[in-house]
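Peer 1: got a predicted structure here, sequence first:
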Amino acid sequence: MTSLVAARSIGYPAGKLVAQWVSGVLTNWQMDVPDSFRAYAGYLRLLVWDVVGSALAYADWESLVRLLRGETVTSDNLFTWSLYGSILNESHLHQPVGTLMQETPDACADTLKDWFEAQINAWIDASEVRRQRNATISVVVNNLLQSAYEVINWEHVARAFQPGY
């Protein structure tokens, strides 16, 4: 990363370069694309776990439940909307989410959070082949990563890799 930031073209934002690199490397890791970063697969798995885990922690689960129940919600929480969109767009999530909401109406938000955390943790820990087979959770992870990319201050991240920082 230090070499990447140091070798950037003058006038090209280092943060943009770091964001592109992280996005590309994590996409390749998700899809098991052979590349020169295979030796870092364990670190990339931890990075995905940290970023997606943070997204889950910052999601407003109570608002998500209200949205799923068809209530009007005014929330600007990007992670809540990312999860909501994933649930609406991925038909394989409709049944388990609906069942969880029916079985635990009073603790629905906590139940959903725990279920998504378990699904995503299992997906991250799975082999590349099993990750690819579980396309529904792959979509959820990718959506949460994309949302996280939007809120990360990439220039600040790049600064940490600049000489003399």
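Peer 2: That came through fine.
Peer 1: does residue 6 touch residue 162 like I think?
Peer 2: Yes: the criterion here is C-beta atoms under 8 Å, and residue 6 meets it with residue 162 at 7.5 Å. Every residue, glycine included, has its C-beta placed from N, CA and C.
Peer 1: which secondary element of this protein has the worst mean pLDDT?
Peer 2: Least confident element among the helices and strands of the chain, by mean pLDDT, DSSP states H and E: helix 128-133 (a mean of 66).
Peer 1: next secondary structure after that helix?
Peer 2: Downstream of helix 128-133, the first helix or strand assigned by DSSP states H and E is helix 135-151.
Peer 1: helices or strands up against whichever helix or strand comes after that next one?
Peer 2: Next helix or strand after helix 135-151 toward the C-terminus (DSSP H and E): helix 154-159. When contacts are defined as 3 or more C-beta pairs under 8 Å, 6 or more residues apart in numbering; DSSP states H and E, helix 154-159 sits against helix 14-31.
Peer 1: which residues are contacting the helix it packs on?
Peer 2: 1, 4-5, 8, 33, 35, 37, 41, 44-45, 47-48, 131-132, 138, 141-142, 145, 149, 152-159, 161-162 (C-beta atoms under 8 Å, 6 or more residues apart in numbering).
Peer 1: in it, which residues are buried?
Peer 2: Under the neighbour-count criterion of 16 or more other C-beta atoms under 10 Å, helix 14-31 has 14-15, 17-19, 21-22, 25-26, 28-30 buried.
Peer 1: quick check, pLDDT for the closest residue to residue 90 other than its chain neighbours.
Peer 2: Closest residue in space to residue 90, ignoring its immediate chain neighbours: residue 136 at 4.9 Å, by C-beta to C-beta, 6 or more residues apart in numbering. Note on residue 136: pLDDT of 88.
Peer 1: contacts only, for residue 136.
Peer 2: Applying C-beta under 8 Å, 6+ apart to residue 136 gives the contacts 90, 92-93.
Peer 1: out of those, list just those in helices.
Peer 2: 92-93 (DSSP state H).
Peer 1: measure the residue nearest to residue 90 to residue 114 for me?
Peer 2: Note on residue 136: its distance to residue 114, by C-beta to C-beta, to the nearest Å, is 17 Å.
Peer 1: cool, and residue 32?
Peer 2: In terms of C-beta to C-beta, residue 32 sits 28 Å off from residue 114.
Peer 1: columns pLDDT on top of the buried residues of helix 14-31, output as TSV?
Peer 2: Listed next are these as TSV, based on pLDDT from 0 to 100:
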residue	pLDDT
14	86
15	88
17	89
18	90
19	92
21	88
22	90
25	85
26	86
28	81
29	79
30	78
